[in-house]
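> sequence first, then the predicted structure:
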Amino acid sequence: DAKTTQPTSMDCAEGRAANLPCNHSTISGNEYVYWYRQIHSQGPQYIIHGLKNNETNEMASLIITEDRKSSTLILPHATLRDTAVYYCIVRNSGGSNYKLTFGKGTLLTVNP
Amino acid sequence: GAVVSQHPSRVICKSGTSVKIECRSLDFQATTMFWYRQFPKQSLMLMATSNEGSKATYEQGVEKDKFLINHASLTLSTLTVTSAHPEDSSFYICSASLEYRGGEAFFGQGTRLTVV
């Protein structure tokens, strides 16, 4: 799986948009970009994933650059409960038997 | 839907004893489950891939005789930490994926193991 690079930490004001970047310059054509988050002492939670088109769901939006070498996760209106470590993961296809490899992620702190 | 449940959420055991952690997919069948370990302030590290009806596949450096994995049914995988030592104290997390949801993985709530 391609390696990803994320900032170690970011801060965001409550109510503002949180934009979390991820670099994946070695991504290959059949690899998807997944985002998960982990709130302290809990299991990770799926947020969103995409291949090349931008995606949006009830939690967030995922913007993938045209060359697919980077992406941005956008939380449109961050709340205090969005404080968590956010992981950007690149993996092959959507098979159920394919493992996820976690990097160090970005610690997002939402401030009041 | 797509809930993965782990039990227990916390366990304290004495050195030398064994501890079993259960991971259940509550509303779907999972032919494959994954077991991760997470030390404080570190990321999740994959320990093994649990395959229903066959032997687990362990990551390099993970002792298969110490971390016994059984996946006897499509909804249950168990991880047994045998002869536990204080250095095995960690946060253990399981997950399962749904192929029809693009391989989206669902995680259990984790088990905090403390070996004293």
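Structure's in. What do you need? Numbering: from 1, shown residues only, chains lettered A, B, ... in the order given.
> what residues are up against the residue nearest the centre of chain B?
Computing the C-alpha centroid of chain B and ranking residues by C-alpha atoms, centre = their mean puts B:W35 first, at 3.6 Å. Neighbouring residues of B:W35 by C-beta atoms under 8 Å, 6 or more residues apart in numbering or on different chains: B:23, B:46-50, B:67, B:69, B:77, B:79, B:92-94. For the C-beta atoms, the positions are set from N, CA and C on the backbone; glycine is no exception.
> need these in a markdown table (columns: secondary structure and pLDDT).
Output for these, formatted as a markdown table (DSSP: H, G, I helix; E, B strand; the rest coil; pLDDT from 0 to 100):
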| residue | secondary structure | pLDDT |
| --- | --- | --- |
| B:C23 | strand | 96 |
| B:L46 | strand | 94 |
| B:M47 | strand | 96 |
| B:A48 | strand | 95 |
| B:T49 | strand | 91 |
| B:S50 | strand | 89 |
| B:F67 | strand | 97 |
| B:I69 | strand | 95 |
| B:S77 | strand | 94 |
| B:L79 | strand | 97 |
| B:Y92 | strand | 98 |
| B:I93 | strand | 97 |
| B:C94 | strand | 96 |
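> thinking again about what came up before, check which helix or strand the residue nearest to the centre of chain B maps to.
Element membership for B:W35, per DSSP states H and E: strand B:32-38.
> so where's the chain shaky on pLDDT?
This is for chain A. A:1-2, A:93-97 (pLDDT under 70).
> that's the wrong chain, I meant chain B
Scanning chain B for pLDDT under 70 picks out B:1, B:99-103.
> just give the number of residues close to B:R10.
Neighbour count of B:R10, defined by other C-beta atoms under 10 Å in any protein chain shown: 10.
> separation between it and B:G16?
According to C-beta to C-beta, to the nearest Å, B:R10 stands 20 Å off from B:G16.
> ok, the closest residue to A:Y46 other than its chain neighbours - contacts?
Nearest-residue entry for A:Y46: B:E104, 5.2 Å, with adjacent residues in sequence omitted and distances by C-beta to C-beta, 6 or more residues apart in numbering or on different chains. B:E104 sits next to A:46, A:49, A:94, B:2, B:97-98 when contact means C-beta under 8 Å, 6+ apart.
> by neighbours, which of these wins?
B:S97 (28 neighbours).
> note down every partner strand of the helix or strand hosting it and its orientation.
Here B:S97, judged by DSSP H and E, is contained in strand B:90-98. The pairing partners recorded for strand B:90-98 under DSSP bridges are strand B:32-38 (antiparallel), strand B:104-107 (antiparallel), strand B:111-115 (antiparallel).
> output the last one as CSV - backbone C-alpha positions only.
C-alpha atoms of strand B:111-115 as CSV (Å, rounded to 0.1, in the frame of the first residue of the first chain):
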residue,chain,number,x,y,z
THR,B,111,-10.2,-3.9,25.1
ARG,B,112,-7.9,-2.3,27.6
LEU,B,113,-5.7,-5.1,29.0
THR,B,114,-3.6,-4.5,32.1
VAL,B,115,-1.3,-7.2,33.3
